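Peer 1: sequence plus the predicted model coming up.
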Amino acid sequence: MRIHSTRFAAGAALALVATLGLAACGSSDDDGGSGGGGGDATTVTFLPKNLGNPYFETSDAGGKKAVEEFGGKYAEVGPDTAGPDAQVSYIDTAAAQGVNALVISANDPTALCDSLNAARDAGTKVVTFDSDTDPECRDLFINQATAEGIAKVQVDMIAEQIGDSGEIAILSAAANATNQNAWIDLIKSDLQANHPNIKLVDTVYGDDDDQTSFDKTAALLADHPNLKGIISPTTVGISAAARYLSTSAAKGKVALTGLGTPDQMRDYVKDGTVKEFALWNPEELGYLSAYAGKALADGDITGKQGDTFEAGDLGEFTVGEDSTVLLGDPFRFNAENIDQFHF
């Protein structure tokens, strides 16, 4: 797998929906879905969790760029609101129209399986991205980052910002959040193995509630007067913590980093409260997903481990275990690049 995280430009064949309903629900660009049978161009349809979501607008724009590069036909469809069954009708329509590749961020890991497998039986290749289904329900999953990569980038950023020495704390989401706890365990392991002069003095939970996270930040600063940094591996937590720090005496003295979105964090980066935070690049995620769909539709790969394919500017990628392709390390956002992203 090749990682090409430096490229960040500013961010089931859609059979063209012969049906008025599908076209009206978000098909965009070109004739978007005239179906896999129409000519030689590979038809690729993006089906995000919901339309109007800036994150998916960015990822799908990356997909559109890729499809245009390889001369295919791009379309985007989807529900207005996310829900376990909200994507089913779009999957069914894509299958009926003979779309070549359907790229979907699944709202539910199992509820879509019958429709997705029916689409595959009809000849549509299914690529999941951002949010996966059960592996038996798709041909490939494009994974934005590994747990190890997410943990490491957060440790690297806090270490850089506090001179690799001093007390830090973690402001997490809910205490029983599986992904958060996995990241925290890996953060602890990295600190112990590679950063002996950084001491993790506390881990608190804001329950992914803005006000609770805000209050927990205040409490951390009161309880640990020598605190030099906070890691918040949650977009709610980091933005709430930044809001608190931005108007406190700790601004510029206590470093804050973690996982956030550019739109949430832009003001805090520009006013100096936050130097750098991370997330994956959704534009690259969509771009890679589109090329993966083309490789499957063209028969260049089947999705088995060890398959390789080219993904335009991102280079060559290799299919890993469970038919998963890894985009790469999380992307770092800072004052130099944050205005290139809007999600």
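Peer 2: Structure received.

Peer 1: just the pLDDT for the residue sitting furthest away from the middle of the chain.
Peer 2: Going by C-alpha atoms, centre = their mean, the residue of the chain most distant from its centre is Pro225, 35.1 Å out. pLDDT for Pro225: 97.

Peer 1: tell me who's in contact with it.
Peer 2: Not one residue lies near Pro225 by C-beta atoms under 8 Å, 6 or more residues apart in numbering. (Each C-beta comes from the backbone N, C-alpha and C, glycine too.)

Peer 1: quick one: it from Ala249, how far?
Peer 2: Distance, Pro225 to Ala249, using C-beta to C-beta, to the nearest Å: 11 Å.

Peer 1: may I ask which helix or strand encompasses Ala145?
Peer 2: Using DSSP states H and E, Ala145 falls within no helix or strand.

Peer 1: tell me the phi and psi of it?
Peer 2: phi -170, psi 160 (degrees, to the nearest 10).

Peer 1: burial measure for it, as a count.
Peer 2: Using other C-beta atoms under 10 Å, Ala145 is surrounded by 24 other residues.

Peer 1: who touches stretch 129-143?
Peer 2: Residues outside stretch 129-143 that contact it (C-beta under 8 Å, 6+ apart): 49, 56, 59, 103-110, 112-113, 116-117, 120, 125-128, 144, 282, 285-286, 288-289, 292, 296, 302-303, 319, 322-327.

Peer 1: I'd guess Ala96 is in a strand, am I close?
Peer 2: No - under DSSP: H, G, I helix; E, B strand; the rest coil, Ala96 sits outside any strand and is assigned helix.

Peer 1: hang on, the earlier thing: of the contacts of stretch 129-143, which belong to helices?
Peer 2: With helices taken from DSSP state H, the overlap with the contacts of stretch 129-143 comprises 56, 59, 113, 116-117, 120, 282, 285-286, 288-289, 292, 296.

Peer 1: closest one of those to Ala151?
Peer 2: Leu285 (19.2 Å; C-beta to C-beta).

Peer 1: which ones are touching that closest one?
Peer 2: By C-beta under 8 Å, 6+ apart, the contact set of Leu285 is 59, 62, 129-130, 142, 144, 327.

Peer 1: I figured Gln154 hits Ile231, correct?
Peer 2: Yes - contact criterion C-beta atoms under 8 Å: Gln154 and Ile231 qualify, at 5.1 Å.

Peer 1: common neighbours of the two, please.
Peer 2: Contact criterion C-beta under 8 Å, 6+ apart; residues shared by Gln154 and Ile231: 187, 257-258.

Peer 1: filter those down to the ones in helices?
Peer 2: Applying DSSP H to the shared contacts of Gln154 and Ile231, the entries found in helices are Ile187.

Peer 1: now, which of the shared contacts of Gln154 and Ile231 sits nearest Asp339?
Peer 2: Nearest to Asp339 among those is Thr257, at 18.9 Å by C-beta to C-beta.

Peer 1: per-residue confidence at the closest one?
Peer 2: 98.

Peer 1: quick one: residues contacting the closest residue in space to it that isn't next to it in sequence.
Peer 2: With C-beta to C-beta, 6 or more residues apart in numbering as the criterion, Thr257 has its nearest non-adjacent residue at 4.3 Å, and that residue is Met157. The contact partners of Met157, by C-beta under 8 Å, 6+ apart, come to 257, 276-278, 332.

Peer 1: quick check: pLDDT value at Met157.
Peer 2: pLDDT recorded at Met157 is 98.

Peer 1: tell me the first helix or strand C-terminal of the helix or strand it falls within.
Peer 2: Applying DSSP H and E as the criterion places Met157 in helix 147-161. Next along the chain after helix 147-161, taking DSSP H and E as the criterion, comes strand 166-172.

Peer 1: pull the residues that contact that following strand.
Peer 2: Strand 166-172 is contacted from outside by 158, 162, 180-181, 184, 187, 197-206, 213, 216-217, 220, 224, 226-234, 237-238, 241, 258, using C-beta under 8 Å, 6+ apart.

Peer 1: for Met265, state which of the contacts of Met157 is nearest.
Peer 2: For the contacts of Met157, the nearest to Met265 is Phe277 (5.8 Å; C-beta to C-beta).

Peer 1: circling back to that earlier point, quick one, which of the contacts of stretch 129-143 are buried?
Peer 2: Among those, those scoring as buried are 49, 56, 59, 103-108, 112-113, 116-117, 120, 125-128, 144, 282, 285-286, 288-289, 292, 296, 303, 319, 323-327 (criterion: 16 or more other C-beta atoms under 10 Å).
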